[in-house]
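Undergrad: Structure for this input, please:
(chains A and B)
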Amino acid sequence: EAQVTQNPRYLITVTGKKLTVTCSQNMNHEYMSWYRQDPGLGLRQIYYSMNVEVTDKGDVPEGYKVSRKEKRNFPLILESPSPNQTSLYFCASRELNSNQPQHFGDGTRLSIL
Amino acid sequence: QQQVKQSPQSLIVQKGGISIINCAYENTAFDYFPWYQQFPGKGPALLIAIRPDVSEKKEGRFTISFNKSAKQFSLHIMDSQPGDSATYFCAASRSTGRRALTFGSGTRLQVQP
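TA: Next comes the predicted model:
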């Protein structure tokens, strides 16, 4: 089954404590990205990657890092989380050069106290 | 600055009725306009998409109408069912470059039995 898997699904943590949200896809997709979803704002792209070792900023990259060492994995790193990063996060993947849609994971709800 | 504006914010429709959600975009470089459906606890899933070379696309009970000159597109759900109750997002993207989806703010649809 084609899947984008995120972990953890829920996390409550405190300001300044580094955390990583993992994302893995089993579709051999080149393109992966992270979005955050906030009420009234829809989803906004944080970072994206077009292939291994190729990453770039999206619309709201401040306070986040990513890495793409393997094609299937695209972790999101919050080195010093702050309360304004409390949000619902989605990882997505797609084939780079096709009309196929992005596949989204089921989301990670982060609460930064 | 929201490049894709979506309305209404919420919508209540009786079973069997027509649900209509509207979106307007600003960036004329967008060339792909999908609609996503999201159930609680799940990631967005592609419902239907259109490219600007056609004015309408229909898939079952779901139809996208597209007006390129007005930079507007809309989703019509015919014969709405309680199982259609979900949050709907319009989005827009380019086929080249960053390929990020720019989302509308979402519409919470409730179909009453």
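Undergrad: C-alpha from now on. contacts and neighbour counts both.
TA: OK.
Undergrad: ok, how many other residues are close to residue 64?
TA: Using chain A here. When neighbours are defined as other CA atoms under 10 Å in any protein chain shown, residue A:64 has 17 of them.
Undergrad: nope, chain B
TA: For residue B:64, using other CA under 10 Å, the count is 24.
Undergrad: Could you see whether chain B lies near stretch A:42-54?
TA: Yes - using CA under 8 Å from any CA of the partner chain, stretch A:42-54 reaches chain B at A:42, A:43, A:44, A:45, A:48.
Undergrad: repeat for stretch A:88-106
TA: Yes - judged by CA under 8 Å from any CA, stretch A:88-106 comes into contact with chain B through A:90, A:101, A:102, A:103, A:104, A:105, A:106.
Undergrad: Note down every partner strand of the helix or strand harbouring residue B:66 and its orientation.
TA: Secondary structure from DSSP states H and E places residue B:66 in strand B:62-67. In the sheet, strand B:62-67 lines up against strand B:56-59 (antiparallel), strand B:72-77 (antiparallel) (DSSP bridges).
Undergrad: Please work out which of those strands is packed deepest.
TA: strand B:72-77 (a mean of 21; mean count of other CA atoms under 10 Å in any protein chain shown).
Undergrad: so where's chain B uncertain?
TA: Residue ranges of chain B with pLDDT under 70: B:1-2.
Undergrad: mind listing the strands for it?
TA: B:4-7, B:10-14, B:19-25, B:33-38, B:45-50, B:56-59, B:62-67, B:72-77, B:86-92, B:102-103, B:107-112 (DSSP state E).
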